[in-house]
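Participant: Need a 3D model of the sequence below.
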Amino acid sequence: PKSVHITVSILNKLKTDGSIYKGTCTNFLNGLNVGDTCRVFREESSVFRPPSDATKPLILIGPGTGIAPIRALLQERSQLRNDKNIDIGQTVLYFGCKNRWSDYIYADELEAFRKDGTISNLHVAYSREHSEKVYVQYLLAKNAEETWDLIHNKGAYIYVSGPTKMGADVSHAFIAIFAVYGMQGPVGAIKYMKKLRKEGRFFRQLWA
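Facilitator: Numbering: from 1, shown residues only. As a prediction, this is how the structure comes out:
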């Protein structure tokens, strides 16, 4: 790789006293000009690793800036499929944003992945586009039967990236799917989730 891509949401939040809270790192990056130098440190991810068997299906969930590590997995799958002619498993992506006109980041790239077969199913949740808010966990619940089949019968790997609350909501959605469509019941569904984590098939990279 000859370039580094950074996915950043600039934090400028109005506080109750009327002042503006500015995210230190994001606003520093936003203030850089072309040609400026920025010292960075690279840390190797110990969380998001693709399965050694590329034919295994992937369920990817990364709303907002959570798409950053998900892109790496998609780029890996694309290279295997299109450059090395290696068969890859079904890849299902759930992305979320406020609306398609303001923050559907990497829309062209994701659509290109869909068209070339890297992404099998692309589900986008727009939380502010209609009167009813739609989040990734809602779309996941709508595709519960397909999701259970991918996980239980086809050995899918699950990757969740984004805010902590979203991660909790998505985990609850998966547990509900296991309980109902997997007929595991409430207690069995939690055990099933623990089993996936123990097998290294459920990964989360979350932040507050």
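Participant: what's the closest non-adjacent residue to Phe203?
Facilitator: Spatial nearest neighbour of Phe203, chain neighbours left out: Tyr159 (4.9 Å); criterion: Cβ to Cβ, 6 or more residues apart in numbering. (C-beta placed from N, C-alpha, C; glycine too.)
Participant: Contacts only, for that neighbour.
Facilitator: Residues near Tyr159 by Cβ atoms under 8 Å, 6 or more residues apart in numbering: 48, 58-62, 69-70, 73, 203-205.
Participant: Name the nearest residue to the residue most central in space within the chain, sequence neighbours excluded.
Facilitator: The residue lying closest to the centre of the chain (Cα atoms, centre = their mean) is Gly62, at 2.0 Å. Spatial nearest neighbour of Gly62, chain neighbours left out: Ile70 (3.8 Å); criterion: Cβ to Cβ, 6+ apart.
Participant: Let me see the contact set for the one you found.
Facilitator: Residues in contact with Ile70 (Cβ under 8 Å, 6+ apart) are 60-62, 93, 95, 159, 161.
Participant: Just the terminal-to-terminal distance for stretch 5-19.
Facilitator: Using Cα to Cα, to the nearest Å, the end-to-end distance of stretch 5-19 comes out at 31 Å.
Participant: Any buried residues in it, and which?
Facilitator: By 16 or more other Cβ atoms under 10 Å, stretch 5-19 has no buried positions at all.
Participant: from the middle of its chain, how far away would it be?
Facilitator: Relative to the centre of its chain, stretch 5-19 is centred 22 Å away, using Cα atoms, centre = their mean, to the nearest Å.
Participant: Now tell me what touches it from outside.
Facilitator: Stretch 5-19 has contacts (Cβ under 8 Å, 6+ apart) with 20-23, 26-27, 29-30, 64-65, 67-68, 71, 105.
Participant: repeat that for 10 Å
Facilitator: For stretch 5-19, contacts defined as Cβ atoms under 10 Å, 6 or more residues apart in numbering pick out 20-27, 29-31, 38, 40, 62, 64-72, 75, 103, 105-106.
Participant: Give the buried subset of those as a ChimeraX selection command.
Facilitator: This is how ChimeraX selects the buried members of the contacts of stretch 5-19, with burial counted by 16+ other Cβ under 10 Å:
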select :26,62,64,65,66,67,68,69,70,71,103,105,106
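Participant: and the contacts of stretch 5-19, which of them are in strands?
Facilitator: Among the contacts of stretch 5-19, the residues falling in strands (DSSP state E) are 20-22.
Participant: For the helix ranked longest in the chain, enumerate the helices and strands it packs against.
Facilitator: Counting residues, the longest helix found in the chain (DSSP state H) is helix 164-180. If you count contacts as 3 or more Cβ pairs under 10 Å, 6 or more residues apart in numbering; DSSP states H and E, helix 164-180 packs onto strand 58-61, helix 136-142, helix 144-148, strand 157-163, helix 185-198, strand 202-207.
Participant: buried stuff in the last one?
Facilitator: Spelled out, it's strand 202-207. Under 16+ other Cβ under 10 Å, the buried positions of strand 202-207 are 202-206.
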